[in-house]
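Asker: Below: sequence and its predicted model.
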Amino acid sequence: MRYEFPFPDIGEGIAEGTLLKWLVNVGDEIKEGQPLAEVETDKVTTDIPSPKSGRIIELKYNEGDTIEVEKVFVVIDLSGDLPSPSKDNIEKKEVELEEETAGVVGEVIASSEVIPPSTEGQESSVHKKSGRKKVLATPVARKLAKDLSIDITTIKGTGPNGRVMKKDIKEAAQRRTNQPKVDIAPRVIPPVYKSEKNENIERIPLTNIRKTISKQMEISKFTIPHVTAMEEINITELVALRKQYKERLSQENIYLTYLPFIIKALVYSLKKFPIFNASYDSENQEIMLKHFYHMGIATDTDRGLMVPVVKDVDKKSIVELAEEILAITTKAKENNISINELRGSTFSITNYGSVGGLFATPVINYPEMAILGLGRIIEKPIVSNGEIIVAKVLPVSLTFDHRFIDGAGGSRLLNTLRDLLEDPEILLLKG
């Protein structure tokens with residue numbers, strides 16, 4: 001039997017991927033779960049496993065090609081499988097799929113394409129911890145939403161258990177069509193530079209990840225009015241505390257940085273000022289306060305900026321945070337990170353001080369409400385209790401959404417953060 005394997009949707013919102021490397025050749029015998037190809041999406045590089053055992057009879061794309069989700073990219077010869085459904089049953093299958101009330105099990109033919117098995121309703125451990133569920137939707141509804149350029153996460157489903165159905169997508173498309181037009185001045189984009197003769201210019205195509213970074217930056221800056229508050233924090237006592245335990249913990253292969261302490265102080269501050277751990281629902285004009293704390297850690301990699309997420313930081317010790325931060329940022333740098341590990345942050349931290357620099361105006365990781373930037377720790381003279389002393393000073397920058405947070409609110413959060421970091425014993429007691 002000839003099985004045409006469509007390029008799978010390996011994550012919410014993934015529309016295409018770039019084929020970096022084939023891991024099999026025509027004629028190879030393969031087993032279910034064996035990696036077929038290495039693919040770069042707009043978030044990660046990952047291997048695509050085979051859904052079935054058999055023999056490779058056709059590779060549809062060349063290395064370097066861009067493949068759209070649901071397009072057939074490899075053909076496998078199966079043995080002992082049931083024959084393909086006849087064309088007469090295709091429409092019937094699609095109707096059955098749309099009316100399904102539980103998670104779809106197995107593969108279902110819709111039109112001429114195979115829709116992969118659904119994992120709807122099967123909560124992962126990550127989802128259980130955060131208390132959130134993946135959007136429930138039939139594959140047909142997902143495909144229609146993609147075709148109509150509708151964000152399925154914004155649709156309220158009318159099907160069983162809140163499942164998004166095909167009619168929900170059509171109604172959303174109709175509402176969008178009926179919305180009154182608002183005259184908005186177009187954003188002025190400078191003309192593309194046209195080179196003169198004999199000018200030495202090299203054109204570099206953007207990678208998928210760089211395209212995503214560019215898009216996210218545009219969305220954040222053109223949606224959110226950014227404002228940044230800055231502060232200098234005397235962390236002399238925190239430096240001494242870390243030094244006291246750093247060597248001892250290194251014998252247990254635990255690399256203790258300042259970041260776990262800062263996260264602990266930040267969580268306390270976010271609980272005191274919950275507006276910073278929130279996002280804005282523009283459709284319903286509501287602020288969503290999030291009473292869970294998933295910290296995005298901006299990480300500089302060879303492929304561009306990535307933001308792996310440490311989940312439930314409020315429930316972890318300083319040592320546990322140190323271990324998890326090292327593990328997840330290492331995976332990002334080595335390009336071994338999964339899409340789920342890049343999702344779900346409620347607040348982000350960027351440590352530009354690790355490569356130099358004191359202050360910055362960090363860009364908010366949309367749709368979050370704020371981001372904290374950490375500068376390079378320096379020694380400088382300060383006045384303390386009427387005396388000039390040399391202190392270890394940490395420069396910090398807090399960028400927040402000025403639509404919902406006033407300047408005074410940013411200063412209050414920074415004051416709380418400063419008080420905790422300047423007195424690490426209080427931090428350990430409260431954190």
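Answerer: Received, thanks.
Asker: Am I right that Val74 is in contact with Glu58?
Answerer: Yes - applying Cβ atoms under 8 Å as the test, Val74 and Glu58 come out as touching, 7.0 Å apart. In short, each C-beta sits where N, CA and C put it, glycine included.
Asker: And those two? Which one has more around it.
Answerer: Neighbour totals were compared for Val74 and Glu58, and Val74 leads with 23 against 13 (other Cβ atoms under 10 Å).
Asker: ok, now which ones touch the residue nearest to Ile349 when sequence neighbours are not counted?
Answerer: Using Cβ to Cβ, 6 or more residues apart in numbering and skipping residues adjacent in sequence, the residue nearest Ile349 is Leu372, 5.0 Å away. Leu372 is in contact with 262, 266, 347-350, 362, 396-398, counting by Cβ atoms under 8 Å, 6 or more residues apart in numbering.
Asker: quick one: which of those is most hemmed in?
Answerer: That'd be Leu266 among the contacts of Leu372, by other Cβ under 10 Å, with 27 neighbours.
Asker: pretty sure that one contacts Phe347?
Answerer: Yes - using Cβ under 8 Å, Leu266 makes contact with Phe347 at a distance of 7.3 Å.
Asker: Which parts of the stretch 301-431 of the chain are strands?
Answerer: Ranges of strands in the stretch 301-431 of the chain, per DSSP state E, counting those that start in this stretch, are 304-306, 309-310, 347-350, 370-374, 378-384, 387-401.
Asker: Mean neighbour count, those: which tops it?
Answerer: A comparison of these by mean neighbour count, using mean count of other Cβ atoms under 10 Å, puts strand 370-374 on top with a mean of 25.
Asker: quick one on the thing from earlier: redo the contacts of Leu372 as a markdown table? Include pLDDT.
Answerer: Shown next, in a markdown table, are the contacts of Leu372 (pLDDT from 0 to 100):
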| residue | pLDDT |
| --- | --- |
| Ile262 | 98 |
| Leu266 | 98 |
| Phe347 | 98 |
| Ser348 | 98 |
| Ile349 | 98 |
| Thr350 | 97 |
| Pro362 | 96 |
| Val396 | 98 |
| Ser397 | 98 |
| Leu398 | 98 |
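Asker: Can you pull the poorly scored residue ranges out of this structure?
Answerer: Along the chain, the model assigns pLDDT under 70 to residues 10-14, 42-43, 80-135, 138-139, 160-161, 176-190, 192-193.
Asker: Would you map out the domains in it?
Answerer: Residue ranges for the domains of the chain, per automatic domain parsing: 2-175, 210-430.
Asker: Arg203: which of the ones you listed is closest?
Answerer: Closest of those to Arg203 is domain 210-430, at 13.8 Å (criterion: Cβ to Cβ).
Asker: where does Ala141 fall, phi/psi-wise?
Answerer: Here is the backbone geometry of Ala141 (degrees, to the nearest 10): phi -60, psi -40.
Asker: who are the neighbours in contact with it?
Answerer: Residues near Ala141 by Cβ under 8 Å, 6+ apart: 98, 152, 164-166, 168-169.
Asker: you'd agree Arg55 is up against Ile30?
Answerer: Yes - Arg55 lies in contact with Ile30 (Cβ under 8 Å); the separation is 7.2 Å.
Asker: Tell me which other helices or strands the host helix or strand of Met230 touches.
Answerer: Using DSSP states H and E, the element containing Met230 is strand 226-234. Counting contacts by 3 or more Cβ pairs under 8 Å, 6 or more residues apart in numbering; DSSP states H and E, strand 226-234 packs against strand 387-401, helix 407-422.
Asker: Same list (the strands of the stretch 301-431 of the chain) but as JSON lines, adding distance to Glu199.
Answerer: Shown next, in JSON lines, are the strands of the stretch 301-431 of the chain (distance: least, Cβ to Cβ, whole Å):
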{"stretch": "strand 304-306", "distance to Glu199": "27"}
{"stretch": "strand 309-310", "distance to Glu199": "43"}
{"stretch": "strand 347-350", "distance to Glu199": "36"}
{"stretch": "strand 370-374", "distance to Glu199": "37"}
{"stretch": "strand 378-384", "distance to Glu199": "42"}
{"stretch": "strand 387-401", "distance to Glu199": "38"}
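Asker: Which one, of these, ends up nearest to Leu78?
Answerer: That would be strand 304-306 among the strands of the stretch 301-431 of the chain, by Cβ to Cβ, at 37.5 Å.
Asker: Can you give the strand pairings for that closest one, parallel or anti for each?
Answerer: Paired neighbours of strand 304-306 in the sheet (DSSP bridges): strand 295-301 (antiparallel).
Asker: can you give me the helices in this structure?
Answerer: 90-99, 125-130, 139-147, 166-178, 208-223, 236-250, 259-272, 318-333, 407-422, 424-430 (DSSP state H).
Asker: Export those as TSV, with columns for distance to Pro381.
Answerer: Below are these laid out as TSV (distance: least, Cβ to Cβ, whole Å):
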stretch	distance to Pro381
helix 90-99	70
helix 125-130	45
helix 139-147	59
helix 166-178	60
helix 208-223	37
helix 236-250	12
helix 259-272	24
helix 318-333	30
helix 407-422	16
helix 424-430	22
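Asker: among the ones you listed, which is nearest Leu78?
Answerer: helix 90-99 (19.2 Å).
Asker: what about the nearest residue to Leu136 once chain neighbours are set aside, distance to Ala15?
Answerer: Closest residue to Leu136 apart from its sequence neighbours, by Cβ to Cβ, 6+ apart: Arg163 at 4.2 Å. Per Cβ to Cβ, to the nearest Å, Arg163 is found 22 Å from Ala15.
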